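Q: Sharing a model prediction with you, sequence too.
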Amino acid sequence: MLSIRRSLTVAVVTSITVAGLSVDAYAADVPPPTVTSPKGGPGTEAEVPDLARGIIVETTTATPSDGLLAATDAALGDDAEVTEDDKLLANVSTVDFDEVVPADVAEDAAAQIAERNDVVWAAPNRLRQVQTAPPVSTNDQLFPAQHNLWNRGYTTSSSLGVPGNGGYSIKAPALWRATKGRAATVVAVIDTGIVDHRDLPASQRVPGTDTFSSIARDNDAKKGRDDDPTDPGDWYANGQCDFPGSSDSSWHGTFVAGQIAAATDNGAGIAAVAPNVKVQPIRALGRCGGWDSDIVDAMKWAAGIPLTGLRNNAYPAAVVNLSLAGSPGTAQQREAECRVYNAAARVGKARGTLYVAAAGNDGGNANRVTPASCSEFISVGATSINGFSAIYSNVGSTVDLSAPGGDTQVDPYRGNDPAKGDRIWSLGNSGTKGPVADTLVAYEGTSMASPQVAGAAALLHGLGLTTPAELTRALYASVSPFRARSGAYAKKAVGPDRYDLNCTAPGRQWCGRGRLDLSRVEAPLTPPVISGTPVVGEPLRASLGTWVRTPSAPRYTWKVAGVVKGTGSVYWPTLADVGRTITVTVAPSTAAFAKLSATSSASTAVPAGPAVTLRTPASQPRYGSAFTVAVSVASATGGRVRLLSDSGTTYGSGTVGPGGTASITVSAATARKLKPGSTSVRAAYDGDGTTPRASSPRRALTIKRLPAKVSTSLRTSVKTSSRATLKIRVLERPDLFASPTGELRVYDGKKRIRVTRLSSTGGGRKTLRLPKLKKGTHKIRVYFRDSDYIESTYSAVRTIRAR
């Protein structure tokens, strides 16, 4: 076994002094520090109604079609009218209403439009408000100062890349709406052990152990390994270690454990990343640091692997945090160390334990730091409050992601307000050697970044992502991009030196895949809701429910009596579903979050209904021409039937006669609302008091485009030095298109020589001059194309001789 000394990855310690109070923030004879919440905190903002001014839609075409706009108008009914559409992104457009409407009106319209074949998705264009407060707050004394959890200082986006609400924090409160963790989830902290602290009571912990085996350097009353992870203090005097210098006790393990699972919303202390999980303190570091052998054994014990001389772990950890690091002298040494650490991690992973480690504070190459750079560990770098790499943080290709670590060298603050300055707050002790009294302290370092990632993994574990592979994928998907490269931060002056603190540059990945951002977790908050009444042949629509981050491409799964029967946001019950209840499950399509689904309540049972059959015309009707469909309703002798679109638009109606048959005529005026192409329709029977209502299965109705006649006028000869005039007229149904539009292509034989368009004010006429023609005979014809309503067609050939 290698015996490389590991040290803590902490850069700076700051004891808390708030409003002139002593470091003992809990002393009974001293009132607790008061930190005033910023304006705009919970309970201070006026309630803003949920409104929409239109919908945002992605179409299969570059812009929304006239048919889509008409369908949106129809879906709105009397609530509003469509005024215009505007391109937002590639194939994404806004469809504006003439007035602001409640968001649920826009949601209903969007749900109907989303079923069209030319629509990928549709959503309300909602009113948003600037929000300075976190979505979930706590009453913890220092929560407003915990910029790493939620930074209230950033409220809006800007050209500098400021990421809106929460700044460059991990935005833990966004995910707290879904989970604050589960008590069954255990995070082991391999560190200096733990000291009693009233903000980390026994209820926040499970029993740990002590694998620190260096008897000569053990400050513990029980020398060597034992079952008590209590931190006796890791202070050392000059000459007691293999390196010069002295140090007071750091209480580092208590600090890290507090970051993960301190008691939260208790009116005191700090808020934790995952306040409902349990921490398991494992003492593997002490005076002068710790040894690989002790750390590796701690890793194994945390995963539930028995160790000789120690009690078995009754609470195997789902996540292990290692805020410690060492830098081997050579690449060969690193490779050897990683073989040891990776072997232990693989054994632990096989038991379901994930390992997270700090990338180190040398301000250098993270690829040389162990165990973080080893392949079986998630390596965590540190960022500053402004989203750049912390000046001390190691960087390199082995860093997997970054989280806030503080950086007072770049953003110094020497006052007494804990809410100012770039620091990470957690739990400490006032003792310089042994423990004395509880304190709140500020550190900075990758030691502080790593437990935030470990805590995030614990939150994800509580959502049901329970294997190391699932947690790793989810963590990598829970990041936001690093901010754009800054010239100022490329040569950031700190003292006499300048540093490049950018995380991004062409061809390099220095700080990992991104910065931890828990607002990006696609986790459900409320289940989907089924709207509509279960009736054979009539649509049931699913809402998404609410999410921490709404899935960009949600997957819908409809089950009837527990059997999968459909996908998509709409389900059409069939006769086979009669007597059964229906549920819908919504899940993200993002692979990392695919397990984070939500299921609706069951619908009422689908009632029995008659079989309804729809027969569309044998010959396809032309656009704008009346046509008739036939309907039969089994066992019915009366009642009304209607021809409906998928969104519920009525195209026509009829009455069921003897024999249960009816015909529905769609008028010419109504037929103009049906764009040429294939559309889905159904026949809905309204019932007659005896026979219940039902609908037919959907059928495709194809509307043909109108024929067009293209006529041309051209003289029979022209000089080669002149240009001939070509007159074109496109004739269509004048009652529908008095002035048709479309593209005109002029051909000389097979060669295209001109392209132009018919103007909407030209009355179907166009006069143009041909290019000069070479001497000889030329055959001129015109091709007219209007893909929406008019059939493409050629004119007759005109012969002209150039002389």
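A: Everything's here; your move.
Q: is it true that Pro316 lies in a strand?
A: No: the assignment for Pro316, made by DSSP: H, G, I helix; E, B strand; the rest coil, is coil rather than a strand.
Q: Next, count neighbours for it.
A: By the measure other C-beta atoms under 10 Å, the count of residues near Pro316 is 19. C-beta here means a position set from N, CA and C on the backbone, and glycine is covered the same way.
Q: quick one: contacts for it?
A: Val186, Ala302, Ala303, Gly304, Arg351, Gly352, Thr353 (C-beta atoms under 8 Å, 6 or more residues apart in numbering).
Q: what about stretch 665-681, distance to the chain center?
A: 39 Å (C-alpha atoms, centre = their mean, to the nearest Å).
Q: Make 22 the first number, not 1, from now on.
A: With the count now opening at 22, the last piece we talked about shows up as stretch 686-702.
Q: in that stretch, what's buried?
A: Thr686, Val687, Thr691, Ala692, Lys694, Leu695, Lys696, Pro697, Gly698, Thr700, Ser701, Val702 (16 or more other C-beta atoms under 10 Å).
Q: thinking again about what came up before, quickly check the contacts of Pro337 for the two that are furthest apart.
A: Spatial extent of those (C-beta to C-beta) is set by the pair Val207 and Arg372 at 12.4 Å.
Q: quick one, which of the two is more surrounded?
A: More crowded of Val207 and Arg372, by other C-beta under 10 Å: Val207, with 25 against 14.
Q: Just grab the bridge partners of that one for me.
A: Beta-bridge pairing for Val207 (DSSP bridges): Lys299.
Q: Quick check: it vs Gly483, distance?
A: According to C-beta to C-beta, to the nearest Å, Val207 and Gly483 sit 11 Å apart.
Q: hey, where'd the helices end up in this structure?
A: 87-97, 124-134, 193-197, 273-282, 313-323, 352-371, 467-483, 489-498, 508-511, 689-692 (DSSP state H).
Q: So which of the ones you listed is nearest Asp263?
A: From those, taking C-beta to C-beta, the stretch that ends up closest is helix 313-323, at 14.8 Å.
Q: What is the closest one packed up against?
A: When contacts are defined as 3 or more C-beta pairs under 8 Å, 6 or more residues apart in numbering; DSSP states H and E, helix 313-323 packs onto strand 207-212, strand 299-304, strand 340-343, helix 352-371.
Q: sorry, back to before: so which of the contacts of Pro337 wins on neighbours?
A: Comparing the contacts of Pro337 by number of neighbours (other C-beta under 10 Å), Ala323 comes first, having 32 neighbours.
Q: Give the burial count for the nearest residue to that one once chain neighbours are set aside, as a bare number.
A: The spatial neighbour of Ala323 that comes closest, neighbours along the chain excluded (C-beta to C-beta, 6 or more residues apart in numbering), is Ala209 at 3.7 Å. For Ala209, the tally of surrounding residues (other C-beta under 10 Å) stands at 33.
Q: wait, doesn't Ala209 sit right on Leu343?
A: No: using C-beta atoms under 8 Å, Ala209 makes no contact with Leu343, being 9.2 Å away.
Q: Between these two, which contacts overlap?
A: Overlap of the contact sets of Ala209 and Leu343 (by C-beta under 8 Å, 6+ apart) is empty.
Q: Identify the residues contacting Ser743.
A: Contact partners of Ser743, counting by C-beta under 8 Å, 6+ apart, are Lys793.
Q: And it, how close does it get to Leu735?
A: Using C-beta to C-beta, Ser743 is found at 13 Å from Leu735.
Q: Check Val515 too.
A: 79 Å.
Q: of the two, who's got more company?
A: More crowded of Val515 and Leu735, by other C-beta under 10 Å: Leu735, with 19 against 13.
Q: quick revisit: can you put the helices of the chain in CSV and add mean pLDDT and distance to Leu331?
A: Formatted as CSV, the helices of the chain follow (pLDDT from 0 to 100; distance: least, C-beta to C-beta, whole Å):
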stretch, mean pLDDT, distance to Leu331
helix 87-97, 89, 67
helix 124-134, 85, 58
helix 193-197, 96, 33
helix 273-282, 98, 17
helix 313-323, 94, 7
helix 352-371, 92, 16
helix 467-483, 98, 22
helix 489-498, 99, 24
helix 508-511, 86, 47
helix 689-692, 94, 81
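Q: Let me have these in JSON lines, extended by distance to Tyr592.
A: Shown next, in JSON lines, are the helices of the chain (distance: least, C-beta to C-beta, whole Å):
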{"stretch": "helix 87-97", "distance to Tyr592": "19"}
{"stretch": "helix 124-134", "distance to Tyr592": "13"}
{"stretch": "helix 193-197", "distance to Tyr592": "31"}
{"stretch": "helix 273-282", "distance to Tyr592": "43"}
{"stretch": "helix 313-323", "distance to Tyr592": "46"}
{"stretch": "helix 352-371", "distance to Tyr592": "40"}
{"stretch": "helix 467-483", "distance to Tyr592": "31"}
{"stretch": "helix 489-498", "distance to Tyr592": "29"}
{"stretch": "helix 508-511", "distance to Tyr592": "52"}
{"stretch": "helix 689-692", "distance to Tyr592": "27"}
